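Student: Predicted model and sequence follow; I will ask about them next.
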Amino acid sequence: ETPPLCIGFIGHSTFADSSGWDCFKYVMEEHKPSVVQFFAPAISTNGDGLTNVQVAHEHDALVMAQVGSLLDAQVAVAHEVDAIIAQGSEAGGHGLRRERGSGTASLSAGVCQLVGNE
């Protein structure tokens, strides 16, 4: 059996302009991934006011938001993502600054508390 297709997108490059949004929509329509993952930032909004999460859900994909801070996790939960990946600041990653992010242990504990998986 073929495993499901999962595709990760970096927000600041994929969703920087309308051509990136067009490419994202093309990938969703043409390749129909079962799961998409967003990071840096996890939630992006296009010129029509639609979020990347809404577009992915419209194409029946599950959405994983990779977050580096509790604030980013709260935003992701508010946008009804299906799963959260907690990436600590020690992992570096696409502009995640120490003053904004958290280490993996404390971030994971905070995310678990936020989503009720203590």
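Tutor: It's in. Numbering: from 1, shown residues only.

Student: top helix in the protein by residue count?
Tutor: As assigned by DSSP state H, the longest helix anywhere in the chain is helix 18-31.

Student: how about that one: buried residues?
Tutor: G20, W21, F24, V27, M28 (16 or more other Cβ atoms under 10 Å). Backbone N, C-alpha and C define where each C-beta goes, glycine included.

Student: Over to stretch 104-111?
Tutor: By neighbour count with 16+ other Cβ under 10 Å, stretch 104-111 contains the buried residues L107, S108, G110, V111.

Student: My reading is that F9 lies in a helix. Confirm?
Tutor: No - under DSSP: H, G, I helix; E, B strand; the rest coil, F9 sits outside any helix and is assigned strand.

Student: count of neighbours near I84?
Tutor: Neighbours of I84 under the rule other Cβ atoms under 10 Å: 21.

Student: Identify the residues contacting the helix or strand hosting it?
Tutor: I84 is part of strand 83-86, with elements assigned from DSSP states H and E. Strand 83-86 has contacts (Cβ atoms under 8 Å, 6 or more residues apart in numbering) with 37, 39, 62-67, 73, 76-77, 104, 107-108, 111, 115.

Student: ok, of these, which come out buried?
Tutor: 37, 39, 62-67, 73, 76, 107-108, 111.

Student: Point out the ones among these that are inside strands.
Tutor: Members of the buried ones among the contacts of strand 83-86 lying in strands (criterion: DSSP state E): Q37, F39, L62, V63, M64, A65, Q66, V67.
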